[in-house]
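Asks: when you get a sec, could you give me coordinates for this:
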Amino acid sequence: MRIVRILKIAGIVLGIIFTVILSYVAYVFLTYHRIEDNQKLNVYTKGKAKKQDVTLDTEYSILTYNIGFGAYSSDYSFFMDGGKYSRAYNKQAAIDNINGSIKVVKSKDTDFIFLQEVDLKATRSYGVNENEMILDAFDDISSAFAVNYDSPYLIYPILKPHGKTKSGMSTISKFPIIDSVRRSLPIDTSVYKLIDLDRCYTKSRIMVENGKYLCLYNVHLSAYTKAESIVNNQIKMLSEDIKSDLEAGNYIICGGDFNQDLLGDSPSIFHTPVMEENWAKPFPSSLLPSGIMVAYDILSEELRGMLAPSCRNADAPYNKETSFVTMVDGFLISDNVELNSIETIDNGFLYSDHNPVMMKFQLKPVK
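Replies: Reported below is the predicted structural model:
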């Protein structure tokens, strides 16, 4: 009788566990959704953005920075990269890292800013509204924000789950943003879609004095996918949109975190330790439309060799001698945009697993 009772209790316990697991799996899949394509974004204005249009033959500056949701101090490692942690160390650490990133960005006083991995409310950053912190730090700006990660509560890792996340990407401008739209990119349709972001890019338009637009594309392409075709299809879609703007005579700057090696040969340039599986594949420039180029490709070999990396692998704390580094952040520009300079702001990955990249440029007159 005792054995029967034990087996009965064990069966009930196993049944409860199975029901809980099944219910959780159902919850994750039933709550999963993608944001619709062509979503019009609200443009937020704080103070007085510059009233005048962008002018020709005038030098402007733009910066792109993946701020890593405020978790990635230089001693941090991330579980999805083979590291240890799934969240920022604590709430204060998240606040300190965001404030550090803000300080870096403000010190460059650029005309335009692209930011990625900006949490609105997330378990991993202890509910800190990072976008609010960033906007509070700037005066006289126009900005647009797009959500690209709105996940259900993820219970992995078991001891300290990644949790629920609402996060996105921000475009900030000293000039008025006329309008901004969110475009949903193709993503992996396998189970990887649950851990990858709801990938997208945003297009924000700024008026130019000649009646054309400066089209600012803020991108964050896929990282955790096994299908190379996904990234290629994302670039093809992006290219089609860019092509239509270019044919209309507009000026194109597309920047952000491409999760692809924009130099094409970062391991040899940075003399970085070789990874068994390099996730940062060479960026497929051949997929870009005529008239669009990777800004780094314009540089001489000497200047390319002087660049600092923009991203580290977060499998372990950053070590200048042993960490894998690459260049996945930067800009694509149209041939009516003149590149004056581009550089990595090398702060030793102090506040994020990325370093900011800053570009100076000017718009060419229409011939």
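Asks: please enumerate the strands of the stretch 151-300 of the chain.
Replies: 163-173, 177-184, 200-207, 213-220, 251-257, 292-294 (DSSP state E, counting those that start in this stretch).
Asks: out of these, flag the one nearest residue 50.
Replies: strand 163-173 (8.9 Å; Cβ to Cβ). Backbone N, C-alpha and C define where each C-beta goes, glycine included.
Asks: the closest one to strand 177-184, inter-axis angle?
Replies: Angle, strand 163-173 to strand 177-184, by axes from the mean of the first three to the mean of the last three Cα atoms, to 10 degrees: 150 degrees.
Asks: partners of strand 163-173, with directions?
Replies: Strand pairing for strand 163-173, using DSSP bridges, gives strand 112-122 (antiparallel), strand 141-154 (antiparallel).
Asks: for residue 259, which of those is the nearest?
Replies: Closest among the strands paired with strand 163-173, using Cβ to Cβ: strand 112-122, at 10.2 Å.
Asks: show me which residues of that closest one are buried.
Replies: 112, 113, 114, 115, 116, 117, 118, 119, 120, 122 (16 or more other Cβ atoms under 10 Å).
Asks: need those residues in a markdown table with pLDDT and distance to residue 244, can you?
Replies: Output for the buried residues of strand 112-122, formatted as a markdown table (pLDDT from 0 to 100; distance: Cβ to Cβ, whole Å):
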| residue | pLDDT | distance to residue 244 |
| --- | --- | --- |
| 112 | 98 | 21 |
| 113 | 98 | 25 |
| 114 | 98 | 21 |
| 115 | 98 | 26 |
| 116 | 98 | 24 |
| 117 | 97 | 28 |
| 118 | 98 | 28 |
| 119 | 98 | 32 |
| 120 | 97 | 31 |
| 122 | 96 | 35 |
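Asks: mind picking the one among those residues that's closest to residue 132?
Replies: Checking these one by one against residue 132 (Cβ to Cβ), the nearest turns out to be residue 120, at 8.2 Å.
Asks: for stretch 347-355, buried residues please.
Replies: By neighbour count on 16+ other Cβ under 10 Å, the buried set for stretch 347-355 is 347, 349, 351, 352, 353, 354, 355.
Asks: wait, which of those is closest to residue 361?
Replies: Closest to residue 361, out of all of those and judged by Cβ to Cβ, is residue 355, at 19.5 Å.
Asks: next, residue 14: secondary structure please.
Replies: Under DSSP: H, G, I helix; E, B strand; the rest coil, residue 14 falls in the helix class.
Asks: just for the stretch 251-367 of the chain, where's the confidence low?
Replies: Counting by pLDDT under 70, the stretch 251-367 of the chain contains low-confidence residues at 275-278, 367.
Asks: circling back: is it possible to get CSV of the strands paired with strand 163-173 that adds distance to residue 246?
Replies: Shown next, in CSV, are the strands paired with strand 163-173 (distance: least, Cβ to Cβ, whole Å):
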stretch, distance to residue 246
strand 112-122, 19
strand 141-154, 21
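Asks: which residues in the stretch 1-150 of the chain form helices?
Replies: 2-31, 91-108, 130-136 (DSSP state H, counting those that start in this stretch).
Asks: will you turn those helices into CSV that also has mean pLDDT?
Replies: CSV is the format used below for these (pLDDT from 0 to 100):
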stretch, mean pLDDT
helix 2-31, 68
helix 91-108, 98
helix 130-136, 98
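Asks: these: which one's closest to residue 341?
Replies: Judging those by Cβ to Cβ, what sits closest to residue 341 is helix 91-108, at 12.4 Å.
Asks: how close does residue 5 sit to residue 12?
Replies: In this view, residue 5 and residue 12 are 11 Å apart by Cβ to Cβ, to the nearest Å.
Asks: meant to ask about residue 187, not that
Replies: 40 Å.
Asks: compare the two (neighbour count), which wins?
Replies: A side-by-side neighbour count of residue 187 and residue 12, using other Cβ atoms under 10 Å, places residue 187 first with 21 against 10.
Asks: ok, the closest residue to that one other than its chain neighbours - contacts?
Replies: Of all residues not flanking residue 187 in the chain, residue 199 sits nearest, at 5.1 Å (Cβ to Cβ, 6 or more residues apart in numbering). Applying Cβ atoms under 8 Å, 6 or more residues apart in numbering to residue 199 gives the contacts 148, 184, 185, 186, 187, 220, 221, 222, 234.
Asks: wait, what's in contact with the third one?
Replies: It refers to residue 185. For residue 185, the contacting residues are 199, 200, 201, 221, 222, 234, 237, 238, by Cβ under 8 Å, 6+ apart.
Asks: again with the first one
Replies: Residue 148 is in contact with 35, 167, 168, 169, 197, 198, 199, 200, 220, counting by Cβ under 8 Å, 6+ apart.
Asks: just confirm residue 138 contacts residue 172, I think it does.
Replies: Yes. Judged on Cβ atoms under 8 Å, residue 138 makes contact with residue 172 at a distance of 6.5 Å.
Asks: between those two, point out the one with more neighbours.
Replies: More crowded of residue 138 and residue 172, by other Cβ under 10 Å: residue 172, with 26 against 16.
Asks: across the sheet, point out what pairs with that one.
Replies: For residue 172, the beta-bridge partners under DSSP bridges are residue 113, residue 143.
Asks: and if you look at residue 354?
Replies: Counting by DSSP bridges, the residues bridging with residue 354 are residue 311.
Asks: isn't it right next to residue 310, touching?
Replies: Yes. The pair residue 354 and residue 310 qualifies as a contact (Cβ under 8 Å) at a distance of 5.8 Å.
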